[in-house]
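Engineer: Sequence isn't available, so here's the structure alone:
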């Protein structure tokens with residue numbers, strides 16, 4: 001260091017600062033020792049445990065992938081390549097979305113053409129860059145398409161159609177609008193949205209694929225930038241499938257379309273260019289990032305063995321924030337879920353992202369929720385600069401490992417589908433539906449036990465929240481794969497509680513019989529109240545009192561739950577349970593005492609407990 005106070009300055013030497021010099025060198029063994037100490041203090045690690053202590057911290061995905069608590073250089077997988085080059089893990093384009101951002105795609109479901117047009121223009125003025133439009137059925141009539149797109153610059157804002165089985169007529173209607181606007185066919189950009197396999201998955205009625213491929217062959221000859229087919233993973237995701245199941249089935253749909261397109265006369269490169277892939281983005285940030293990266297790797301492999309040149313093997317991806325994760329109760333929390341999902345899709349390299357408005361599980365979005373959905377993209381792109389870095393998660397040992405393992409699990413699912421005759425055969429036989437249902441059963445169990453928590457619904461519910469009312473959504477196709485929402489079982493109990501409140505003037509109640517001093521029972525009383533409220537049950541806590549039986553009678557409750565320390569239970573549980581006169585007495589903890597008929601504790605089947613109380617109190621939907 002040099003003193004620069006004046007011309008007479010002389011160098012002044014200082015001792016070199018060695019950061020962390022007083023601490024022992026960090027290594028895995030030392031880290032394991034510290035982990036073991038923490039786990040022993042929390043009671044999660046027996047003193048005689050001989051295995052690796054971090055094994056107690058490992059979690060598991062629905063695909064059986066182990067998520068480790070720590071990833072190091074030892075967990076590095078093969079070289080993921082470069083953006084824009086095979087295997088495209090790091091992105092389909094070498095420049096990523098730098099300078100453009102991802103395509104902010106907004107969904108519109110209204111049947112009224114004028115209202116749809118107003119909403120579309122508001123979205124485009126507010127930052128949206130493309131329009132995803134449901135047409136046909138109870139949604140927008142095909143002959144109203146031109147009115148709905150009035151004053152929309154279709155050469156700047158591409159339209160993506162969702163017409164179900166009416167895709168051919170919808171495609172003709174959109175192409176007519178493009179012709180009327182005098183947009184040169186060579187410059188027209190759109191996605192016609194033909195997805196006969198997806199429609200069959202939704203309805204249970206198989207549609208032939210060949211007509212969609214023939215439509216694509218006719219369209220591409222005149223409109224080279226228009227995509228005709230969509231391989232939609234949402235039916236598999238909403239049926240409860242895992243990430244690998246969604247990826248495997250969606251890739252299998254893409255392969256079925258690829259075969260049909262080549263049979264219709266297109267070469268492999270032209271056929272691949274006709275496809276867009278739609279995948280769900282969830283609030284599980286890292287799995288979503290890995291899903292979009294793994295999907296590109298899978299599709300690259302499919303096209304490689306199909307003979308496509310490297311430059312034609314990139315996948316065009318449309319991310320949609322998961323409809324399954326959205327809640328009707330405390331819907332404001334959905335803003336946080338969709339923000340995380342949008343972030344993860346962007347980091348994962350999706351080309352287009354649709355953020356579903358926070359009230360989408362309730363009904364048609366209003367202007368406020370649509371604006372928030374748009375601005376979620378804007379904040380991430382414009383303020384957070386998320387599009388300014390290509391593959392920002394690349395190189396993370398965790399992300400690369402997760403991408404690799406997810407790709408392998410999805411490839412196993414894909415090859416199983418292909419080995420059984422393809423996705424159409426798997427849907428027809430019910431085999432794919434059975435695998436999705438098995439995963440949903442596992443997911444439902446974790447939701448019921450709150451191991452997969454839902455904030456605002458199964459955790460931290462607000463019984464006093466004001467209901468959000470929206471216009472009804474157009475009916476959806478059903479008869480095929482089911483549509484699940486993760487919160488549906490808890491929300492059914494909340495609906496029953498609301499009905500009980502309307503009929504009786506009060507909610508069904510559970511009395512919290514707190515034992516011992518306040519400081520001793522606060523934790524378990526809070527836990528129990530949170531659990532009961534998840535089922536729409538009012539938790540009545542009298543606090544410290546010398547006469548619990550009298551407080552119980554005054555509460556008007558018929559069910560009680562003892563809350564206290566283990567020591568308090570040993571001394572008082574049996575006597576208090578007998579003195580209350582309650583029809584049912586539960587205990588917050590795992591101990592068993594005379595007069596106690598059940599327990600509530602972390603990991604218990606909350607839905608089973610809550611449903612039992614509903615039945616006991618005559619609460620019905």
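Structural biologist: Received, thanks. Values in this document were obtained by computation on a predicted structure and should not be read as measured data.
Engineer: show me where the stretch 101-250 of the chain has helices.
Structural biologist: Counting by DSSP state H, counting those that start in this stretch, the stretch 101-250 of the chain has helices at residues 113-125, 145-148, 167-180, 196-203, 210-222, 234-238, 243-263.
Engineer: If you rank every helix and strand of the protein by mean pLDDT, what lands last?
Structural biologist: helix 518-534 (a mean of 87; mean pLDDT, DSSP states H and E).
Engineer: Give me the contacts around that one.
Structural biologist: With contacts defined as Cβ atoms under 8 Å, 6 or more residues apart in numbering, helix 518-534 is touched by 450, 457-463, 490, 493, 510, 512, 514-515, 538-539, 541, 543-544, 561, 563-565, 568, 586, 588-589, 600, 602, 606, 609-610, 613. All C-beta atoms are positioned from the backbone trio N, CA, C, and that covers glycine.
Engineer: Could you say which one of the helices of the stretch 101-250 of the chain comes nearest to residue 107?
Structural biologist: Residue 107 lies closest, by Cβ to Cβ, to one member of these: helix 113-125, at 9.6 Å.
Engineer: counting contacts, what elements does that closest one pack onto?
Structural biologist: Here helix 113-125 touches strand 103-108, strand 130-134, helix 145-148, helix 367-378, going by 3 or more Cβ pairs under 8 Å, 6 or more residues apart in numbering; DSSP states H and E.
Engineer: Using a markdown table, lay out those together with distance to residue 594.
Structural biologist: Below are these laid out as a markdown table (distance: least, Cβ to Cβ, whole Å):
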| stretch | distance to residue 594 |
| --- | --- |
| strand 103-108 | 58 |
| strand 130-134 | 60 |
| helix 145-148 | 69 |
| helix 367-378 | 53 |
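Engineer: Now mean neighbour count and mean pLDDT too, for these, in CSV please.
Structural biologist: Converted to CSV, the helices and strands packed on helix 113-125 look like this (neighbours: other Cβ atoms under 10 Å; pLDDT from 0 to 100):
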stretch, mean neighbour count, mean pLDDT
strand 103-108, 24, 98
strand 130-134, 23, 98
helix 145-148, 20, 97
helix 367-378, 20, 97
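Engineer: residue closest to the middle of the chain?
Structural biologist: residue 282 (2.3 Å; Cα atoms, centre = their mean).
Engineer: quick revisit: in strands only, show me the contacts of helix 518-534.
Structural biologist: 510, 512, 514, 538, 539, 561, 563, 586, 588, 600 (DSSP state E).
Engineer: In contact with the second one, which residues?
Structural biologist: Applying Cβ under 8 Å, 6+ apart to residue 512 gives the contacts 525, 528, 529, 539, 540, 541, 542, 560, 561, 563.
Engineer: And for the last one?
Structural biologist: Applying Cβ under 8 Å, 6+ apart to residue 600 gives the contacts 527, 528, 531, 561, 586, 587, 588, 606, 609.
Engineer: biggest separation within the residues you listed, which pair?
Structural biologist: Checking those with Cβ to Cβ, the most distant pair is 587 and 606, at 14.8 Å.
Engineer: What is the nearest of the contacts of residue 600 to residue 178?
Structural biologist: For the contacts of residue 600, the nearest to residue 178 is residue 606 (53.2 Å; Cβ to Cβ).
Engineer: chain center to the longest helix along the chain, what's the gap?
Structural biologist: Of all segments of type helix in the chain, defined using DSSP state H, the longest is helix 397-419. Taking Cα atoms, centre = their mean, to the nearest Å, one finds the center of helix 397-419 at 19 Å from the center of the full chain.
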